[in-house]
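Chemist: here you go, sequence then predicted model.
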Amino acid sequence: NININSSGVMSSFIDKLALVLVRNRKQLVARSRGKNIFFTPGGKREEGETDIRALCRECKEELTVDLLHGSITPYGVFQAQAFGKPEGTFVRMTCYTADFEGTLQPNEEVEELRWIDSGCSRDILSVASIMILDDLKLKDMID
């Protein structure tokens, strides 16, 4: 998606879905293989996919778990400068919470999973992940 604002500045949007998973007052984040920044698990829709189908597929790929469809609930939408992309390229993350079956574990594209709280160093998080972490703290869902 490309937008041009009233100043004539062009910006583009990367539309993503994300799973906001909180357990024991900590949030789950993931780090891709070969990267040093953690992100909120999720990804992009494939053509024709609904949010739910795409989120389930991405969580199976990244976290090796099956989301329980009846538990998937909208959490919120966050927008920020996209990590590692040119200035003016934004990520828009539509976030959901959900329960799952299976054991959380990294797969071939994810090198590390980590449970974090609000005391986590912001230097290791994407901007969108910082926004989500701050929102969770504000809602007193994490320490």
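Modeler: It's in. Residues are numbered from 1 along each chain as shown.
Chemist: residues contacting residue 46?
Modeler: Residue 46 is in contact with 54, 57, counting by Cβ atoms under 8 Å, 6 or more residues apart in numbering. Glycine gets a C-beta too; all of them are placed from N, C-alpha and C.
Chemist: helix or strand for it, which one?
Modeler: Here residue 46, judged by DSSP states H and E, is contained in no helix and no strand.
Chemist: for it, phi and psi?
Modeler: Main-chain torsions, residue 46, degrees, to the nearest 10: phi -90, psi 160.
Chemist: tell me which stretches of the protein form helices.
Modeler: Along the chain, counting by DSSP state H, helices occupy 51-63, 127-138.
Chemist: can you redo these as TSV with mean pLDDT and mean neighbour count?
Modeler: As requested, the helices of the chain are exported to TSV (pLDDT from 0 to 100; neighbours: other Cβ atoms under 10 Å):
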stretch	mean pLDDT	mean neighbour count
helix 51-63	96	19
helix 127-138	95	18
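Chemist: mind putting those into JSON lines with distance to residue 13?
Modeler: As requested, the helices of the chain are arranged in JSON lines below (distance: least, Cβ to Cβ, whole Å):
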{"stretch": "helix 51-63", "distance to residue 13": "16"}
{"stretch": "helix 127-138", "distance to residue 13": "12"}
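Chemist: give me the nearest residue to the residue positioned nearest the centre of the chain, chain neighbours excluded.
Modeler: Among the residues of the chain, the one closest to the centroid is residue 40, at 3.0 Å (Cα atoms, centre = their mean). Counting by Cβ to Cβ, 6 or more residues apart in numbering, residue 18 is the residue found nearest to residue 40 once chain neighbours are left out, at 4.3 Å.
Chemist: pull the contacting residues for the one you found.
Modeler: If you count contacts by Cβ under 8 Å, 6+ apart, residue 18 has them with 40, 41, 42, 55, 93, 94, 95, 96, 128, 132.
Chemist: show me where the protein has strands.
Modeler: Counting by DSSP state E, residue ranges of the strands within the chain are 2-4, 10-19, 22-23, 26-32, 38-39, 42-43, 66-67, 73-81, 89-97, 100-101, 110-116.
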